[in-house]
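Peer 1: structure here, sequence nowhere to be found:
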């Protein structure tokens, strides 16, 4: 059982559609990060959310941290083929927060 | 700035062979990490080094050793490779462990153990 559960595992949609992916846990986190990874490359940080209930926007991407800081969502408006990739959520654990634990990820494919 | 670099990019080993994966960062970061990525399992932490001179185990350390050679370099060694170690390996670095500290990842090493 993973500390961070992501859903859905795979999503295939048409260009222009909206979508939401989720990251859930039974643990409370001090912060949560979202990464995007393209094939053949390493993950790249999109955003960090810190405060319960926080909403951050990055162009067509909207990130929300749950009030209880146990879950988060990523909503993409009017998806484009360039949004295709693996979306990973991650959070710091352990003494000093030196360890970063990742969810299994959501593979997003946007078809034109 | 090159960011985080990893060598080699691809490697094929036979069971029982040894090899060292190299990682270097030019961002003067304090902390460095080694992860492996397998389908459906996200990234799992193998070892990390919070600062120069220290190393600690992550989630899946068995079969691996690491060396923090200096502030820039952090290597991962497989002493006796096994097919279960077939994976994509990523090195990452970060300035610190605060919420605002970003982890920067290298491009990965694709390892196949036959």
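Peer 2: Looks like it arrived, so ask away. As the structure is a computational prediction, the values presented were derived from the model and not from experiment. Numbering: from 1, shown residues only, chains lettered A, B, ... in the order given.
Peer 1: which neighbouring elements make contact with the helix or strand where residue B:24 lies?
Peer 2: Counting by DSSP states H and E, the element that carries residue B:24 is strand B:19-25. For strand B:19-25, the helices and strands in contact under the criterion 3 or more CB pairs under 8 Å, 6 or more residues apart in numbering or on different chains; DSSP states H and E are strand B:4-7, strand B:10-13, strand B:31-37, strand B:74-78, strand B:87-94. Yep, even glycine has a C-beta here, placed from its N, CA and C like the rest.
Peer 1: for chain A, which of the ones you listed is the nearest?
Peer 2: When those are ranked by proximity to chain A, the top entry is strand B:87-94, at 5.3 Å, counting by CB to the nearest CB.
Peer 1: sketch out the low-pLDDT regions of chain A for me.
Peer 2: A:1-2, A:95 (pLDDT under 70).
Peer 1: one more time with 80
Peer 2: Judged against pLDDT under 80, the low-scoring parts of chain A cover residues A:1-2, A:94-98.
Peer 1: next, count neighbours for residue A:47.
Peer 2: For residue A:47, the count of nearby residues is 18 (other CB atoms under 10 Å in any protein chain shown).
Peer 1: from chain B, which residue is nearest to chain A?
Peer 2: Residue nearest to chain A within chain B (CB to the nearest CB): residue B:105, separated by 3.0 Å.
Peer 1: phi, psi of the nearest residue to that residue once chain neighbours are set aside?
Peer 2: Spatial nearest neighbour of residue B:105, chain neighbours left out: residue A:42 (3.0 Å); criterion: CB to CB, 6 or more residues apart in numbering or on different chains. Backbone torsions for residue A:42, taken as degrees, to the nearest 10, come to phi -80, psi 160.
Peer 1: verify the stated contact: residue A:42 with residue B:90.
Peer 2: Yes - Residue A:42 lies in contact with residue B:90 (CB atoms under 8 Å); the separation is 5.3 Å.
Peer 1: any residues in contact with both of these two?
Peer 2: When contacts are counted by CB atoms under 8 Å, 6 or more residues apart in numbering or on different chains, the set common to residue A:42 and residue B:90 consists of B:105-106, B:108.
Peer 1: which of those residues ranks first by neighbour count?
Peer 2: residue B:106 (25 neighbours).
Peer 1: tell me the phi and psi of the residue nearest to residue B:52 when sequence neighbours are not counted?
Peer 2: Nearest residue to residue B:52, sequence neighbours excluded (CB to CB, 6+ apart): residue B:71, at 4.7 Å. According to degrees, to the nearest 10, the main-chain angles of residue B:71 amount to phi -60, psi -30.
Peer 1: which residues are in contact with residue B:71?
Peer 2: For residue B:71, counting by CB under 8 Å, 6+ apart, the contacting residues are B:28-30, B:52.
Peer 1: how near is residue B:80 to residue B:62?
Peer 2: Shown here: residue B:80 relative to residue B:62, a distance of 12 Å by CB to CB, to the nearest Å.
Peer 1: got it, and residue A:46?
Peer 2: Between residue A:46 and residue B:62 the computed distance is 32 Å (CB to CB).
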